[in-house]
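Chemist: Return atomic coordinates for the entry below.
(chains A and B)
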Amino acid sequence: MMRFSRLYKFLAYLVMSVYAFIIVGPFFMIVMNSLKSMRELFLRPFSLPTKFMYQNYVQAWQRASIARGYLNSAIVAAVSVITVVILASMFAYMISKYEFKGRRYLFLYSMLGLALPARLAVIPIFLLLRSLGLTNSLLGLIVVYSSVNIPFSAFILKNFMDSVPNELCEAARIDGASVAKIYSRVILPLVKPALSIVAIVTFVNVWNDFFFPLILINDRSKATITLAVSIFFGEYSTQWHLLFSGLALSIAPTVILFLIFSQYFIAGMTQGAIK
Amino acid sequence: MKIKFKYVLLFVVPAMLLYTVFVIYPLFDSLRLSFYSWRGVGPKLFVGFKNYKDMFTGGFSKEVFNAFWHNVYFFGMVSAFELGLGFLIALLLASKIKGAKIFRTIVYLPNMLPLVMVGFMWSLFLHPQIGLVNQFLKAIGLGTLARPWLGDPNLALTTIIMVNIWRNLGFYVLVILASILNISPDLIEAAYIDGANNWKISWKIIFPLTVPTFRTLLILLFIGSFNVFDMIYALEGVQAGPFRSTDVLGTVFYRTAFGGLGSAYTDMGLGAAVTVFIFMIVMPMSILYVYLVERRDRR
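Modeler: Model prediction:
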């Protein structure tokens, strides 16, 4: 790889430190200010809290329905990820490993949705779910997210399955394995890296989405975490000590989850983008 | 391998059914709805091309085009910053210096947070009087730089773009870094032997070899920039203030289709027409994207 002079390395460290400071600073400020009284927060925003107001957290926890938001987001994300992984891998398996009429057209059809933002179709989606009685329900969100994430996932999975030698499947077939057995015992174990990319990308997409809950959910008890935070900010817009602690509470689990699994998340998201 | 068609159906239909019903059909249904005037309940009134006429002439067109140019500006700014800065920072990281792993984790962190949460977070930091940004500037003696970041029509959109870059830059750094690290080290070694310096290597070898990544990212940025919504919603609300200076097609659409106090034009059909307009802008890029990935796929 490239060789660098001392000066260059010094410059690199300088840029990295400044950048890291710009990223970490705001998080640090949220935590610090979340522990202050309203008055102190305005008067001394940059100093450490003189008295730790942990009550802020208790109040924010109760009023922002953060636990509920997290639970709803977790349910929606988990079920959507499982659905997408199963359905998209079944589809990709057929496209990648078998010959049948119209295979190429079916693949191209599935790719139509690869780069089209589904939110452009939100009015009909809303009407469709309304007629099915699935607005204001987690199931409605799950159905939408599962559908929307299929094209990308099928594409990634097909790419990986293409690199699995056909001879392996044929050998399994000669040994008497059924179509379903080859899928579950040969293909799936061999494309595990792709399954994890698909699962991570879908999870992050669903977890971070705000647009569909905003339009499809109108009951606070059904709100995902993004919608719950938005409602909370609307209701307590002047009580900054609560806003900071609510923000800290809603950010913390994501940050912790990310710090534990950062290598997986980063690998999954960046590989998903270049593929 | 050959297979009986009934097995194909068994494996293919579940995915394609969901995809057709909840992605493809709704996209086409938007087109159909755009020819109607409809309040969301009650009878639909067929109005032909009236919604499109309204979108391109008269009062509503001013809103649409004001928003359109904001989307264009957004695209220009995020591309320049996220790809330009992203490339430079990735070059620094490619030098395999110590701490690069921790740094990667740090810069990627904001990207994991929902856009809307990042928006709310910065709405507190950017408050004109008590926000931390202005207080920080005053504390380090740069009080004259303090601004009503989100309240000044000339500044608000750029401020929102900066918040967006704060969140997303790490992602672009890491994607570009991955493609730099994919370049064979032999190639760079050979260039050194031929007497090339780092500057030459960066521009004559690394940059050209990362162009395919840039192309893909540029397309995705374009599509993303015409779908901006969450952060505007969090920082300026659906009215996209001050004085619509941060209005984008996404917020125009939301106000038109789903109302919101103070919206002058509300109609599901007109809202659908706005999505068709966005669709028409984004569609060529989507086709180009699919073409590029498919071509690479076949190679």
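Chemist: The longest helix seen in chain A close to chain B?
Modeler: Across chain A, the longest stretch assigned as helix under DSSP state H is helix A:240-274. Yes - counting by Cβ under 8 Å from any Cβ of the partner chain, chain B is contacted by helix A:240-274 at A:240, A:243-244, A:247, A:250-251, A:254-255, A:258-259, A:262, A:265-266, A:269-271, A:273-274. Every C-beta, even on glycine, is put in place using the N, C-alpha and C of the backbone.
Chemist: Pull out the buried members of those residues.
Modeler: Neighbour-count burial (16 or more other Cβ atoms under 10 Å in any protein chain shown) applied to the residues of helix A:240-274 next to chain B gives A:240, A:243-244, A:247, A:250-251, A:254, A:258, A:262, A:265-266, A:269-271, A:273-274.
Chemist: tell me what whatever helix or strand A:Arg39 lives in is packed against?
Modeler: Here A:Arg39 sits within helix A:38-43, counting by DSSP states H and E. Counting contacts by 3 or more Cβ pairs under 8 Å, 6 or more residues apart in numbering or on different chains; DSSP states H and E, helix A:38-43 is packed against helix A:240-274.
Chemist: Can you report how many residues lie near B:Thr266?
Modeler: Neighbourhood size, B:Thr266 [other Cβ atoms under 10 Å in any protein chain shown]: 15.
Chemist: where does it fall, phi/psi-wise?
Modeler: phi -130, psi 120 (degrees, to the nearest 10).
Chemist: circling back: what residues does the helix holding A:Arg39 touch?
Modeler: Contacts with helix A:38-43, where a contact means Cβ atoms under 8 Å, 6 or more residues apart in numbering or on different chains, come from A:Asn33, A:Pro49, A:Thr50, A:Lys51, A:Gln239, A:Trp240, A:His241, A:Phe244, B:Ile130.
Chemist: Validate this expectation: the fourth one resides in a helix.
Modeler: If I follow you right, that is A:Lys51. No - read with DSSP: H, G, I helix; E, B strand; the rest coil, A:Lys51 is coil and lies in no helix.
Chemist: mean confidence score for the strand or helix carrying B:Met285?
Modeler: Under the criterion of DSSP H and E, B:Met285 resides in helix B:268-298. Average pLDDT, helix B:268-298: 86.
Chemist: distance between it and the chain's centre?
Modeler: Helix B:268-298 has its C-alpha centroid displaced from the chain centroid by 14 Å (Cα atoms, centre = their mean, to the nearest Å).
Chemist: That helix vs chain A: in contact?
Modeler: Yes - Helix B:268-298 lies within reach of chain A by Cβ under 8 Å from any Cβ, at B:268, B:271-272, B:275, B:278-279, B:282-283, B:285-286, B:289-290, B:293-294, B:297.
Chemist: of these, buried ones?
Modeler: Burial by neighbour count, 16+ other Cβ under 10 Å: within those this picks out B:Met268, B:Gly271, B:Ala272, B:Thr275, B:Ile278, B:Phe279, B:Val282, B:Met285, B:Ser286, B:Tyr289, B:Val290, B:Val293.
Chemist: between those, which is closest to A:Asn159?
Modeler: Nearest to A:Asn159 among these: B:Val293, at 9.1 Å, using Cβ to Cβ.
Chemist: you'd agree B:Ser30 is in a helix?
Modeler: Yes - judged by three-state DSSP, B:Ser30 forms part of a helix.
Chemist: How confident was the prediction at it?
Modeler: The predicted local confidence for B:Ser30 is 93.
Chemist: Name all residues that make contact with it.
Modeler: Applying Cβ under 8 Å, 6+ apart to B:Ser30 gives the contacts A:Leu120, A:Ala121, A:Ile123, A:Pro124, B:Ala272, B:Thr275, B:Val276, B:Phe279.
Chemist: Buried residues in the helix holding A:Arg39, which are they?
Modeler: For helix A:38-43, the neighbour count (16+ other Cβ under 10 Å) marks A:Glu40, A:Leu41 as buried.
Chemist: And the average pLDDT for that helix is what?
Modeler: pLDDT averaged over helix A:38-43 gives 82.
Chemist: Just the angle for the following helix or strand past that helix relative to helix A:240-274, thanks.
Modeler: As assigned by DSSP H and E, the chain's next helix or strand after helix A:38-43 is helix A:55-63. Computed by axes from the mean of the first three to the mean of the last three Cα atoms, to 10 degrees, the angle separating helix A:55-63 from helix A:240-274 equals 70 degrees.
Chemist: So what's the model's average confidence on helix A:55-63?
Modeler: Mean per-residue pLDDT for helix A:55-63: 86.
Chemist: Using PDB, list the CA coordinates for the helix or strand containing B:Val64.
Modeler: B:Val64 belongs to helix B:58-78 when assigned by DSSP H and E. What follows is helix B:58-78, C-alpha atoms only, in PDB (Å, rounded to 0.1, in the frame of the first residue of the first chain):
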ATOM      1  CA  GLY B  58     -50.100  28.900 -11.500                       C
ATOM      2  CA  GLY B  59     -49.600  29.200  -7.800                       C
ATOM      3  CA  PHE B  60     -48.800  25.600  -7.000                       C
ATOM      4  CA  SER B  61     -46.100  25.500  -9.700                       C
ATOM      5  CA  LYS B  62     -44.100  28.100  -7.700                       C
ATOM      6  CA  GLU B  63     -44.100  25.800  -4.700                       C
ATOM      7  CA  VAL B  64     -43.100  22.900  -6.800                       C
ATOM      8  CA  PHE B  65     -40.200  24.600  -8.600                       C
ATOM      9  CA  ASN B  66     -39.000  26.300  -5.500                       C
ATOM     10  CA  ALA B  67     -38.800  22.900  -3.900                       C
ATOM     11  CA  PHE B  68     -37.300  21.300  -7.100                       C
ATOM     12  CA  TRP B  69     -34.300  23.700  -7.100                       C
ATOM     13  CA  HIS B  70     -33.800  23.000  -3.400                       C
ATOM     14  CA  ASN B  71     -33.500  19.300  -4.200                       C
ATOM     15  CA  VAL B  72     -31.000  20.100  -7.000                       C
ATOM     16  CA  TYR B  73     -29.000  22.300  -4.600                       C
ATOM     17  CA  PHE B  74     -29.100  19.500  -2.000                       C
ATOM     18  CA  PHE B  75     -27.800  17.000  -4.500                       C
ATOM     19  CA  GLY B  76     -24.900  19.300  -5.600                       C
ATOM     20  CA  MET B  77     -23.800  20.000  -2.100                       C
ATOM     21  CA  VAL B  78     -24.000  16.500  -0.700                       C
END
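Chemist: How about that helix, which residues are buried there?
Modeler: Buried residues in helix B:58-78, counted by 16+ other Cβ under 10 Å: B:Phe60, B:Glu63, B:Val64, B:Asn66, B:Ala67, B:Phe68, B:His70, B:Asn71, B:Phe74, B:Phe75, B:Met77, B:Val78.
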